[in-house]
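In: Model the structure of this input:
(one chain, ligands or ions: 1)
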Amino acid sequence: MSPAFTAFVAAGALIVAAALWSSPSAPAAPASISGRTAAPQRPATATATATVSIEFNAFSPAHVDVLAGDTVRWRNDSVRTHTVTAVDRAFDSGPISGDEGFARRLEGDGAVAYYCRLHPSMRGEIDAHTLLLDEPAGPGAPGHAFPLRGRAALPTGTEVSIEGDDGGGYAPVARALVADDGSFSASVTPTTTTEYRAVRAGRASPEVRLVVVDHAVLASAERLGRRVVVRARVRPAAPGATVVLQLRLRDRFGWWPVRRGRLDGASRARFALSTGRAVRARVRLTLPDGATALATSSVVGVGPLPRRHGG
Ligand SMILES: [Cu+2]
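Out: Numbers count the residues shown, from 1 in each chain. Model (predicted):
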């Protein structure tokens, strides 16, 4: 379980559920329930480092998009000596032998073409941008809000427009403000696979593609003595994707995430609970954050464990 998810569920849901399962007769009354907290976001940094491998006769990747102010680091992974030399001679690494490297901070935006003086057919390019969007964390779902994040080499508080194109050309779909650390985020709601870009004052980030898939989650529940097993299957198949088991807790007025898992190679997951109580459950397909919903199963349930008399 990742620290992020621990933080997410530790807000109350897992504690409630744990108390419930371990002592079904005791009233579940934790001191406080903070509910659905926002999923912790990966902290963005004002600058980042991109790494380019120098191979035997090529730079890999040969094209890199960075934010103005980012540093590019080249590492010689080959047995030959190479150079990293700007075509306009703005910089020249000098000879780099195996296992050595070279770094360069890109101050402004624009394209920088470079090559190897010793093997002039080896060429590469860095595009430094004012705005960059992160690659989406996974496929989105039609009609479901999806978080987009990015970085900007712009002052805190600058407003950035997020534009989307799902076939009819780019149009504004969201706005975002640049935070102190240069990051920005916005929520978009695609209906189909869409290209996005961030725009400010005529400058646009490279576009990113959000693939949109209409997944269905099929769930079933079964009581096996004191154990309740909830099984889920996702179609179309999404092996490795994150699924969250939610329980309807009568005293808590809502659905609570109590377990998180990943779909196996057959796009299935299985959750086991130990409880004598009646259970109403559903299974939700989410982004890796465990919080952004992509699809939700119907409600499934089992009755309570029959009471034993006598003995
Ligand atoms: Cu070379």
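
In: Tell me where the model's unsure across this structure.
Out: 1-46, 309-311 (pLDDT under 70).

In: Chain neighbours aside, what residue packs nearest to the residue nearest to the spatial centre of it?
Out: Nearest residue to the geometric centre of the chain (C-alpha atoms, centre = their mean): Ala137, 3.0 Å. What sits nearest to Ala137 in space, not counting adjacent residues and going by C-beta to C-beta, 6 or more residues apart in numbering, is Leu287, at 5.0 Å. To be clear about C-beta, it is placed using only N, CA and C from the backbone, and glycine gets the same treatment.

In: Test my guess that the one you found contacts Thr242.
Out: Yes. Taking C-beta atoms under 8 Å as the definition, Leu287 is a contact partner of Thr242 at 6.8 Å.

In: Looking at the two now, which is surrounded by more residues?
Out: More neighbours surround Thr242 than the other of Leu287 and Thr242, with 24 against 21 (other C-beta atoms under 10 Å).

In: measure the more buried one to the ion for me?
Out: 43 Å (C-beta to the ion, to the nearest Å).

In: Tell me how far that residue lies from Gly261.
Out: With distances taken as C-beta to C-beta, to the nearest Å, Thr242 is found 8 Å from Gly261.

In: What are the boundaries of the strands in the stretch 51-200 of the chain?
Out: Remark: strands assigned in the stretch 51-200 of the chain by DSSP state E, counting those that start in this stretch are 59-60, 63-67, 71-76, 85-86, 101-105, 110-115, 123-129, 131-133, 146-152, 159-165, 171-177, 183-188, 194-200.

In: Return the residues of this protein in contact with the ion.
Out: Applying C-beta under 5 Å from the ion, we find that the chain lies next to the ion at 82, 116, 118-119, 122.

In: JSON lines for those, including neighbour count and distance to Val178?
Out: Listed next are the residues of the chain next to the ion as JSON lines, based on neighbours: other C-beta atoms under 10 Å; distance: C-beta to C-beta, whole Å:
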{"residue": "His82", "neighbour count": "26", "distance to Val178": "37"}
{"residue": "Cys116", "neighbour count": "22", "distance to Val178": "37"}
{"residue": "Leu118", "neighbour count": "13", "distance to Val178": "42"}
{"residue": "His119", "neighbour count": "15", "distance to Val178": "41"}
{"residue": "Met122", "neighbour count": "22", "distance to Val178": "37"}
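
In: Show me the two of those residues that sit farthest apart.
Out: Greatest spacing in the residues of the chain next to the ion, by C-beta to C-beta: Leu118 and Met122 (8.3 Å).

In: Return every residue with contacts to both of these two.
Out: Residues touching both Leu118 and Met122 (C-beta atoms under 8 Å, 6 or more residues apart in numbering): His82.

In: Surely Asp264 touches Pro239?
Out: Yes. Asp264 is within contact range of Pro239, at 6.7 Å (criterion: C-beta under 8 Å).

In: Domain map for this protein?
Out: Domain assignment for the chain by automatic domain parsing gives 3-40+215-302, 49-129, 131-210.

In: quick one, which of those domains is nearest to Arg308?
Out: domain 3-40+215-302 (10.3 Å).

In: May I have the phi/psi pair for the closest residue to the ion within the stretch 151-300 of the chain?
Out: Nearest residue of the stretch 151-300 of the chain to the ion, counting by C-beta to the ion: Pro206, 27.2 Å away. For Pro206, the backbone dihedrals (degrees, to the nearest 10) come out as phi -60, psi 150.

In: In contact with it, which residues?
Out: 65, 127, 129, 132-133, 197.

In: and the residue nearest to the centre of the chain, what is it in contact with?
Out: By C-beta under 8 Å, 6+ apart, the residues touching Ala137 are 147, 287-289, 292.

In: In a markdown table, list the strands of the stretch 51-200 of the chain along with mean neighbour count.
Out: Below are those laid out as a markdown table (neighbours: other C-beta atoms under 10 Å):
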| stretch | mean neighbour count |
| --- | --- |
| strand 59-60 | 16 |
| strand 63-67 | 18 |
| strand 71-76 | 18 |
| strand 85-86 | 17 |
| strand 101-105 | 16 |
| strand 110-115 | 16 |
| strand 123-129 | 19 |
| strand 131-133 | 24 |
| strand 146-152 | 24 |
| strand 159-165 | 19 |
| strand 171-177 | 14 |
| strand 183-188 | 18 |
| strand 194-200 | 20 |
